[in-house]
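# starting from these lines, generate the structure:
(2 chains)
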Amino acid sequence: MKKMKSYKLLIVFSLLLSAAVPGFAQDTEARELLANMSYHVSAGGMPYLVVNTKTKIEKRFVPVPGIAFTVFLDTDSSIISKGITDAAGKATIHFPVALKSAWDASASHTFIMETAAMKDFEQTRSEMSITKAKLLLDTVANADVRTIHVTVLQLNNNEWLPAGNVELKLSVKRMGGELLIGEEETYTTDSTGQATAEFKRLQLPGDPAGNLTLVARVDDHEQFGNLVAESRVPWGVASVLTTGSTERTLWAPRDRAPAWLLFAAGFMVVIVWGVIFFLVVQLIKIRRLGMHS
Amino acid sequence: MGILAAFCVVGAYAYYRQLTHGLVVTGMRDYASWGIYISNFVFFVAISLVGSLITAIFRLADVKWSTPLTRIAEIIAVSAIVFASIIIIVDMGRPERFMNLFIYGRIQSPILWDVIVIGTYFFLSILLLYFPLLPDLKILSQHKNKSNKAFNRLYRFLGSFWKGTAAQFRLSNRAINILCIIIIPVAFCIHTVTSWLFATTYRPGWDSTNFGAYFISGAFLVGAGGVVVAMYVFRSAYRLERYITPMHFDKMGKIVVLLCLLYLYFNVNEYLVPAFKMKKPEAQHLSGLFTGEFALLFWFAILAGMIIPTIMLLFKKGRRPLPMFIAGIMIVVGAWFKRYLIVTPTLLHPFLPMHDVPANYVHYFPTWEEWAIAIGSLAGALLVITFFARIFPVIPIHETILEQHEKNEKL
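Predicted coordinates:
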């Protein structure tokens, strides 16, 4: 009986131990590195890539800094750039001039990114294909109506063809971000690659000349990437920043102190120090009286 | 004097370290940018009010019994205001930048108002010490054998022109009366403006319309407490029992009770009103004072600085010299901690929560250099008082003789 009991205990203990072992093994596995690229074309028409590296820790995505990577254009032999992700797990890649001819040779390209094996992460490889595209921003202003025409064109056999069914955003640049031009969040290009929107933000303060900067943006298109186009239009209300620098206030510079404060402080100082001066004169008189007596 | 001088030397060495290494030797950091230096400054400014209280107000009210106390009060006022100026320069860290205050000063700044008022009050206090001293200087010069050569030379330099003629007395009395009148509003200004250094901000604990009156009432209390302590010390040290009598302690005790109750009233206003509303920014600050990190200091300052002295001094036995001295010490010590509680807790409860900062930013505790400088400044003020008391008569001789004559004539 006793022996049976001890065998049972031994079996239970062994089962527990074997269950614990895989638990320890969990900690030694390398985490999965999620590395991706995004293609961007700036308002000036310059393309660039943004590399992003992150990993999942306890159901949260956490950026991974310090990951070395190499980006290739179409083949492993055509290096665009090498780099290391920053503290935010990001890196920006600009295309070298040497690749211009390769870049211009085709309307579509594939970007290949390889990350090096690191202490906690294995080597990764990812690819992204894009087709060259561009945004054209045009504006028409009548008496009461201001209209924005956006055209999305994609390159196909050296020809710019309209790109339909592309979702884009139209907004106005403000100090803290971008303000949508109307109530619609997005606009979609038609078969002619065009989208039209009415500019409804009348009376929007602009710069001192009344100019606003319109922004058309395609975000994360699977074929075209991220495209941006800007246009400066005189559709705002001229705003002159009044700093109140000519006003006399408590918070103005010293040469703009409030008149009432200058008067009050000056009056009090003159009165009190006048009295002190008078008292010193009395002291001198006392001294003179003493000298003469 | 040797002990006080030793404290001053240690304080001077600590200041040398501060000048050499910078304010990093202190416990002050990004949040607690004001610490015990500013507490000391406010304390010195408060205690300097005693000059206008005892000398000016009592003179104008023709309170004859206060005559033996006026010289003590003025000496305390002068030394306190000198060290208030010194400790502010110490707190600046870079003393040469003091000139920027005048070169680039803005009249809209409460700091500039404070500098102007402190300077003005210093000169008025010096004059209020000097004018009544003139007749005594003559008496001291006439009794050369009672002093040493250096002191005699000093008395001649300061007052040899005083002959005691009717014309001189007329001018002197008029000057003293004018001084007594003008010093009261200036003293009120100095404490109001010092309070505005805090009250003209939005910070919880400082954003209060009550601060001007709150500071003035506190200053009256600590000034009176300081005078009571000085009365007992000088009475014992110089055997002045005939001049500083139990009657003086009794009367000062009643005044101190009144001032305690007045200050307690302003404290109730200062804490109960925001506690009733408990606005979110204020809640953390008040909780810290009432039940949190500063609770021990806060309740000590309230109990030892106001409530216990009030209870003690309500009874005639409590207004005898020794209990009065103990009450005075409690008031002064409580007042120092009260000033610390005005300055530092607010700074440690900013509007935006402290986030991702080093541990020593979250709490403030003065380093040995700060303690040495603060104690050195207190010792320095006591040294100046002691120095004045050694050189000049602590009891106004001429005025006391005059009062004796008047009393005898009445009899």
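# what residues does the stretch 151-300 of chain B put near chain A?
Listed as neighbours of chain A in the stretch 151-300 of chain B under the rule CB under 8 Å from any CB of the partner chain: B:160-163, B:165, B:167-168, B:171-172, B:174-175, B:178-179, B:182, B:186, B:189. Where C-beta positions appear, they are placed from N, C-alpha and C, glycine not excepted.
# so among the residues you listed, where is pLDDT lowest?
Among these, B:Ser160 carries the weakest pLDDT, at 86.
# state the distance from the closest residue to it other than its chain neighbours to B:Lys163.
Excluding the flanking residues, the one nearest B:Ser160 by CB to CB, 6 or more residues apart in numbering or on different chains is B:Ser141, at 6.8 Å. Using CB to CB, to the nearest Å, we find B:Ser141 at a distance of 11 Å from B:Lys163.
# which one's more surrounded, those two?
B:Ser141 (18 against 15; other CB atoms under 10 Å in any protein chain shown).
# tell me who's in contact with that one.
Counting by CB atoms under 8 Å, 6 or more residues apart in numbering or on different chains, B:Ser141 touches B:152, B:155-156, B:159-160.
# let's see it at 10 Å
Neighbour list for B:Ser141: B:147, B:151-152, B:154-156, B:158-160, B:162 [criterion: CB atoms under 10 Å, 6 or more residues apart in numbering or on different chains].
# for chain B, what's its nearest residue on the stretch 151-293 of chain A.
A:Gly290 (3.3 Å; CB to the nearest CB).
# and that residue, how many residues sit next to it?
Neighbourhood size, A:Gly290 [other CB under 10 Å]: 19.
# what's the answer for A:Asp144, then?
A:Asp144 has 6 neighbours, counted by other CB under 10 Å.
# cool, A:Ala133 as well?
Neighbourhood size, A:Ala133 [other CB under 10 Å]: 23.
# kindly report the same for B:Val24.
So B:Val24, with other CB under 10 Å, has 11 neighbours.
# assign it to helix, strand or coil.
helix (DSSP: H, G, I helix; E, B strand; the rest coil).
# find the centremost residue of chain B, please.
The centroid of chain B falls nearest to B:Ile47 when counting by CA atoms, centre = their mean (1.4 Å).
# which residues touch that one?
By CB under 10 Å, 6+ apart, the contact list for B:Ile47 reads B:76-77, B:79-81, B:83-84, B:219, B:221-227, B:332, B:335-336, B:381.
# what about it, distance to chain A?
Distance of B:Ile47 to chain A, given as CB to the nearest CB, to the nearest Å: 22 Å.
# quick check, pLDDT for that residue.
92.
# before we move on, what about B:Ser236?
pLDDT, B:Ser236: 94.
# closest residue of the stretch 1-150 of chain A to chain B?
Chain B sits closest to A:Ala87 of the stretch 1-150 of chain A, with a gap of 14.1 Å, by CB to the nearest CB.
# that residue in helix, strand or coil?
A:Ala87 - assigned by three-state DSSP - is coil.
# just checking, it touches A:Thr53?
No. When contacts are counted by CB atoms under 10 Å, A:Ala87 is not listed as touching A:Thr53 (11.5 Å).
# compare these two (neighbour count), which wins?
Applying other CB under 10 Å to A:Ala87 and A:Thr53 shows that A:Thr53 carries more neighbours, namely 26 against 8.
# how close does the more buried one get to B:Ser79?
67 Å.
# re earlier: measure the residue nearest to the centre of chain B to A:Gly176 for me?
51 Å.
# A:Ile271 now?
Separation of A:Ile271 from A:Gly176 (CB to CB) stands at 51 Å.
# excluding its backbone neighbours, what's nearest B:Leu378?
In space, and not counting its chain neighbours, B:Leu378 is closest to B:Asn40: 7.4 Å by CB to CB, 6+ apart.
# how many neighbours does residue 77 have?
Just so you know, I chose chain A. 7.
# should've been chain B
Using other CB under 10 Å, the number of residues around B:Ala77 comes to 32.
# just checking, it touches B:Val50?
Yes. B:Ala77 is within contact range of B:Val50, at 5.7 Å (criterion: CB under 10 Å).
# overlap of the contact sets of these two?
Residues touching both B:Ala77 and B:Val50 (CB under 10 Å, 6+ apart) are B:187, B:223, B:226-227.
# now, those that are in helices?
B:187, B:223, B:226-227 (DSSP state H).
# nearest to chain A among the residues you listed?
Lowest distance from chain A to those (CB to the nearest CB) belongs to B:Ala187, with 11.6 Å.
# per-residue confidence at residue 97?
All of this refers to chain A. Reading off the model, A:Val97 has pLDDT 89.
# can you look at chain B instead?
For B:Arg97, the model assigns a pLDDT of 89.
# cool, and the one 10 residues further on?
The predicted structure scores B:Ile107 at 92 on the pLDDT scale.
# which strand or helix spans it?
Per DSSP states H and E: B:Ile107 is located in neither a helix nor a strand.
# what comes up buried for stretch B:43-63?
B:43-59 (16 or more other CB atoms under 10 Å in any protein chain shown).
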